[in-house]
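[1] Quick one, fold the following:
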Amino acid sequence: MKDTFIKLVAHNFLKISFAALILIIFLYVMLPFMISIILGGILAMALSPFVDFFIRRGLSRGLSLLLFSLLLGLVGLVPVVAFFIRGSRVVSEILHESNFSQISHKFVTYSYQLIDQASAIYGLDNTVMKAKANSIVLYIGTFLSGTFSQFVGELPTIFMVGLITILSIYCFLSEAERIRTLFDRYFYFSKINGDKFVLMVKLCCREVFFSNILTGVLQSIIVSVGALIFDIGDFFLIFFITFIVSFIPIIGAAPVAGVLALLCFLDSRIGAGIGMLVIATVSGISDNIIRPYLGSLGSVEVHPFIGLLAVIGGVIMFGLPGLFIGPLVASLVFGALPIIIDEYFSPISSDTEAD
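    So this is what the prediction gives:
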């Protein structure tokens with residue numbers, strides 16, 4: 001037996017080593033795109049009913065995939081392009097020397113008033129505190145300018161990631177039958193449990209995707225409508241920026257409303273500033289309640305506290321894509337894992353009961 005094993009290893013050592021080597025190199029080459037591919041797989045499962053909708057309308061699968069990919073690209077591309085066209089103009093105007101100097105002057109004046117009041121009450125040295133206020137204004141200006149420049153520099157990478165994600169969605173949807181064939185071939189599920197497992201994975205992806213989108217849309221509506229009521233900024237830009245920022249867990253869209261409140265205070269609009277602070281509080285609370293709550297309403301019962309930890313842990317480990325990956329893993333643990341356990345332990349239980 002030992003000689004047979006040694007002979008088997010000796011005959012296949014080079015083949016196994018070569019297969020392992022090319023697999024490692026392949027994974028290393030694909031590593032920069034792995035997150036985009038994973039997101040593409042999640043979105044493909046979440047959005048597959050839309051492709052089925054076109055097929056039910058009488059279109060072929062190839063044409064349905066092409067039409068769906070074009071619509072998906074337009075839905076994602078048009079708002080982004082509009083934001084960059086309008087947003088770049090607004091940001092450039094804000095960072096323009098005269099406009100920024102005016103905003104800085106308002107901030108410094110308001111800070112000086114607070115410092116003078118605090119000094120009169122507590123007997124503090126206002127000279128040092130005013131110098132600190134000036135340094136803070138300078139730091140904020142440098143930070144905003146650097147952040148905007150860095151963001152513009154990252155645009156090619158952002159568009160590349162988006163393009164790879166859309167192409168991944170198309171590939172996963174177009175190869176759905178082949179992927180299912182490979183799944184049935186190598187996972188050895190029974191027909192019933194195999195169908196249940198695939199359906200559960202699709203439902204988990206769909207719930208995680210739409211819970212994040214709905215939470216972002218809700219927060220964006222809260223902040224942008226508040227800004228519209230108090231006549232602050234551009235409605236479209238605030239909605240878009242809030243939607244993007246809403247994907248940051250714990251913090252959510254609250255910083256956007258907080259910045260708008262600060263601008264109101266600097267412009268001596270105390271009522272509007274207080275109103276935006278209230279909106280900032282509401283939007284921040286909604287992010288930490290609604291997102292886990294929506295994640296717990298689907299076909300998989302995940303406790304809201306576990307859902308919250310999954311969101312935070314996913315972001316810590318994977319960055320922004322972790323907003324989808326973390327909750328998805330939690331949903332799979334509570335949804336797909338029991339199917340695997342049932343697949344391998346139910347027959348044993350049945351045999352035991354029969355004996």
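
[2] list the buried ones in whichever helix in the chain runs longest?
    For the chain, the helix with the greatest residue count under DSSP state H is helix 191-229. Within helix 191-229, the residues scored as buried using 16 or more other Cβ atoms under 10 Å are 193-194, 196-198, 200-201, 203-209, 211-212, 215-216, 218-220, 222-224, 226-227. Placement of C-beta: from N, CA and C, glycine included.

[3] Tell me the helices and strands packed up against it.
    Secondary-structure packing of helix 191-229 (3 or more Cβ pairs under 8 Å, 6 or more residues apart in numbering; DSSP states H and E): helix 34-56, helix 176-187, helix 235-245, helix 254-266, helix 270-295, helix 322-335, helix 337-354.

[4] I'd like to know which elements the second one is packed against.
    Of the remaining helices and strands, those touching helix 176-187 by 3+ Cβ pairs under 8 Å, 6+ apart are helix 191-229.

[5] and what of the first one?
    Under the contact definition 3+ Cβ pairs under 8 Å, 6+ apart, helix 34-56 sits against helix 61-95, helix 155-174, helix 191-229, helix 322-335.

[6] Kindly provide the distance from G162 to F239.
    19 Å (Cβ to Cβ, to the nearest Å).

[7] more neighbours, those two?
    The neighbour comparison of G162 against F239 (other Cβ atoms under 10 Å) goes to F239, with 22 against 16.

[8] Quickly note the distance from T215 to G307.
    The gap separating T215 from G307 is 11 Å, by Cβ to Cβ.

[9] Could you do G313 as well?
    Using Cβ to Cβ, G313 is found at 11 Å from G307.

[10] of the two, who's got more company?
    Neighbours of G313 and G307, each counted by other Cβ under 10 Å, are more numerous for G307; the result is 22 against 17.

[11] what about that one, helix or strand, and which?
    Using DSSP states H and E, G307 maps to helix 304-318.

[12] Tell me what angle that helix forms with helix 34-56.
    120 degrees (axes from the mean of the first three to the mean of the last three Cα atoms, to 10 degrees).

[13] For helix 304-318, name the packing helices and strands.
    helix 270-295, helix 322-335.

[14] Need the winner for burial among those helices.
    Mean neighbour count (mean count of other Cβ atoms under 10 Å) peaks for helix 322-335 among the helices and strands packed on helix 304-318, with a mean of 22.

[15] quick one: low-confidence ranges for the stretch 51-200 of the chain?
    77-107, 110, 118, 121-125, 137, 140-155, 158 (pLDDT under 70).

[16] now do 50
    Low-confidence segments of the stretch 51-200 of the chain (pLDDT under 50): 97-98.

[17] contacting residues for the residue nearest to F187 when sequence neighbours are not counted?
    Nearest residue to F187, sequence neighbours excluded (Cβ to Cβ, 6 or more residues apart in numbering): G194, at 7.0 Å. For G194, the contacting residues are 183-184, 187, by Cβ atoms under 8 Å, 6 or more residues apart in numbering.

[18] at 10 Å instead, please
    180, 183-184, 187-188, 339, 343 (Cβ atoms under 10 Å, 6 or more residues apart in numbering).

[19] again, but for I55
    Going by Cβ under 10 Å, 6+ apart, I55 touches 61, 63-65, 68.

[20] With S69 instead?
    With Cβ under 10 Å, 6+ apart, S69 has these contacts: 51, 166-167, 169-170, 173-174.

[21] Next, give me the two most distant ones among these.
    Distances among those were taken as Cβ to Cβ; the most separated pair is V51 and L167, at 15.2 Å.

[22] Comparing these two, which residue is more hemmed in?
    Using other Cβ under 10 Å as the criterion, V51 and L167 rank with V51 on top: 22 against 16.
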